[in-house]
Structure formats: C-alpha cells, structure tokens
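> this one's structure only:
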Ligand SMILES: O=c1ccn([C@@H]2O[C@H](COP(=O)(O)O)[C@@H](O)[C@H]2O)c(=O)[nH]1
C-alpha cells in the first residue's frame, strides 16, 4: 500500500480537503426519526456510509458514539470501516488513544495492523503521555501505509490551559508541532507527510498569538481542523487563522452536515456546500 500521505494527497486532489464525520449523536438519531438503539445506529451507519463513501477525501467515524452501544456498537463500527474500505474511501477513526508505550503498541495493533477488524486508514492519538510513547503507533502505521493524527491544538475552549502551557520556554503545542515535523522529515515526496495533527478550526487566533503558523506550514502534516459548523468556526476562519499552513488543512465537520439527513442526497448536498467553500483553501493545481 502507498504511504498514507500520498494516498491522502490523491484523495484531496480528487474531492477537496473536507473531512466529514460520522457521529451518531442520540439527538441526531432522534432528528432522523431513528430509535436510540443498535438498530437505529445500524440505519444511521448505513445511510452515512452510502452518502459519504466515494464523495469525500476522508470520512471520520467518532468511536465514542459506537462504543456507547457496547459490543454491538463496536461491531457496527467495524462495518462502517469495512464499508468505506469497499468503496475506496479513506477512513480516519477518531479514538484519541494514548498510553504507555507497551500498551500503545496494543492500540496500534487494534487500529493500524492489516488484519485487525477495526483497522482504519488513520487514527487520532493523544501525545499527553509524552510524544515518545506514541512511537509504536508511528512505527506500525509506517509499516502498513497508515496515518496517525496527533492532538496538538484541539478545538475545545478548555484546551489552552494544557496545550499552551510553557515548559523550558516552549509551549506544549509548539513542541508537538516540532516533533511531528521531525517525524515527517523523511516522508515521501508530496504535499502531506504520514503524520498529521489535530489543530481546531477554532484556534486561528491562538496560532497567530503563539507565532505557530510558519511552523505548522513547515511540518508537512495534514492538519485536521474540527470545529467547522456546530462549534462555531467557519472555513473562512481557517483561511484567516492558519495563514501559510492553510493548504495543509482538512476542515472537519460532523453535526452541521449530518443535520441535513436522513436523506442521502440532502447529506451529499450539505457536504458539497462545505467542499465548495473549502476549495479556496488550496492553491489551484499548476498548469502543464
Ligand atoms: O479537537 C478536536 C478533536 C476532535 N474533535 C471531534 O470532531 C468532531 C466534531 O464534531 P462537530 O459535530 O462538527 O462539532 C467530533 O467527533 C469531535 O469529537 C473535535 O471536535 N475537536
């Protein structure tokens, strides 16, 4: 399999950079007139895979909303990942795993090995047990052509207390950006490295205040930017806040698109509207 960064670059060239989420909130199941049960979850999952598979560069199922149904929900998550694989759509499983290295190796096996039922093209991971603790995930992802997105500046309002903390004259988020840049230094040619970061669409002002824009742009990391829509951020905010790093950004949105369901065409239209807005973030392809 080609490295994740290459596969992502191809998908973004085809569909644009938007990452759409599959987040079966109880309130969305209700709005779609589905029961908040495993059966309702199954219908939600089937509709969203049909709507987004083959229509977006990257689809991000949120594990928590499947896990809340126990083993049956996790089985459904396996089906969602398999459904996306079948139509050749890249999956980013949002699980935010992080642990001591030996346990991290087991998480890596769970999501990034070729034979796991829960394998995805990429996962989100948390570096707050120390960046080095993530090494088993980077190593296995590299061997299997998969990707890893490291939380760097998350979209929630509470995040700054931890992520902007300063240690040895460096912010935590700045240190993470530099570690990711180093991990991507040897990645194959192309826009994106194989190691991404999560940098919320809501944090543009912080990027400027902390002077991190240029370092983000140099990292070659695909920058997953959740927060578009329900959390109040817009694609325009990304253009303004991310500066030179904007071409690396994958604007991510879940509820704002999912609210258009359950009709498959309406879901696709809602996705397409964000995709059209987001096309302004990337420079046009050079003419031959
Ligand atoms: O910093 C982060 C990291 C992850 N998320 C996840 O993205 C989606 C956002 O959903 P919306 O409905 O578009 O708000 C959700 O799965 C979060 O867990 C994030 O929001 N911020």
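On my side now, so go ahead. Since this is a predicted model, take the numbers as computed values, not measurements.
> Next, the spatially closest residue to residue 213 that is not a sequence neighbour: secondary structure please.
In space, not counting the residues next to it along the chain, residue 213 is nearest to residue 243; the distance is 3.9 Å by CB to CB, 6 or more residues apart in numbering. C-beta here means a position set from N, CA and C on the backbone, and glycine is covered the same way. Here residue 243 takes the helix state, with states given by DSSP: H, G, I helix; E, B strand; the rest coil.
> so residue 243 sits right up against residue 212, yeah?
No: using CB atoms under 8 Å, residue 243 is not in contact with residue 212; the gap is 9.5 Å.
> These two: which is more packed in?
For residue 243 and residue 212, the more surrounded residue by other CB atoms under 10 Å is residue 212, and the numbers stand at 23 against 15.
> In contact with the residue nearest to residue 213, which residues?
For residue 243, the residues meeting the contact criterion (CB atoms under 8 Å, 6 or more residues apart in numbering) are 207, 208, 213, 214, 217.
> Per-residue confidence, the closest residue to residue 26 other than its chain neighbours, what does it come out as?
Distances taken as CB to CB, 6+ apart put residue 36 closest to residue 26, at 4.9 Å, once the chain neighbours are dropped. The predicted local distance difference test score for residue 36 is 98.
> quick one on the thing from earlier: any idea how far the residue nearest to residue 213 is from the ligand?
19 Å (CB to the nearest ligand atom, to the nearest Å).
> Just the pLDDT for that residue.
In the prediction, the pLDDT value recorded for residue 243 is 91.
> What of residue 284?
Predicted confidence (pLDDT) for residue 284: 57.
> Kindly report the same for residue 287.
For residue 287, the pLDDT comes out at 51.
> With residue 187 instead?
Per-residue confidence at residue 187 stands at 74 (pLDDT).
> mind checking the SS state of it?
Counting by three-state DSSP, the backbone at residue 187 sits in coil.
> these two touch, right, it and residue 180?
No: under the criterion of CB under 8 Å, residue 187 is not in contact with residue 180, lying 10.7 Å apart.
> Now list whatever residues contact both of the two.
Between them, residue 187 and residue 180 share these contacting residues under CB under 8 Å, 6+ apart: 193, 195.
> Of those two, which one has the most company?
residue 180 (27 against 18).
> The more buried one: which element?
Following DSSP states H and E, the helix or strand that holds residue 180 is helix 172-184.
> Run me through the strand neighbours of the following helix or strand past that helix, direction for each.
With elements assigned by DSSP H and E, the helix or strand that comes after helix 172-184 is strand 195-199. Within its sheet, strand 195-199 is paired with strand 147-153 (parallel), strand 223-226 (parallel), according to DSSP bridges.
> List the contacts of residue 30.
For residue 30, counting by CB under 8 Å, 6+ apart, the contacting residues are residue 36.
> mean confidence score for the strand or helix carrying residue 13?
When elements are assigned from DSSP H and E, residue 13 belongs to helix 4-15. For helix 4-15, mean pLDDT is 97.
> Could you do stretch 125-140 as well?
The average pLDDT within stretch 125-140 is 97.
> Same check on stretch 63-83?
For stretch 63-83, the mean pLDDT works out to 98.
> And stretch 194-213, by the same measure?
On average, stretch 194-213 scores 94.
> Would it count as contacting the ligand?
Yes: using CB under 6 Å from any ligand atom, we find that stretch 194-213 touches the ligand at 198, 200.
> ends of that stretch, how far apart?
For stretch 194-213, the separation between the terminal residues is 20 Å (CA to CA, to the nearest Å).
> Name the residues of that stretch that come out as buried.
Judged by neighbour count using 16 or more other CB atoms under 10 Å, the buried positions of stretch 194-213 are 194-204, 206-207, 210, 212-213.
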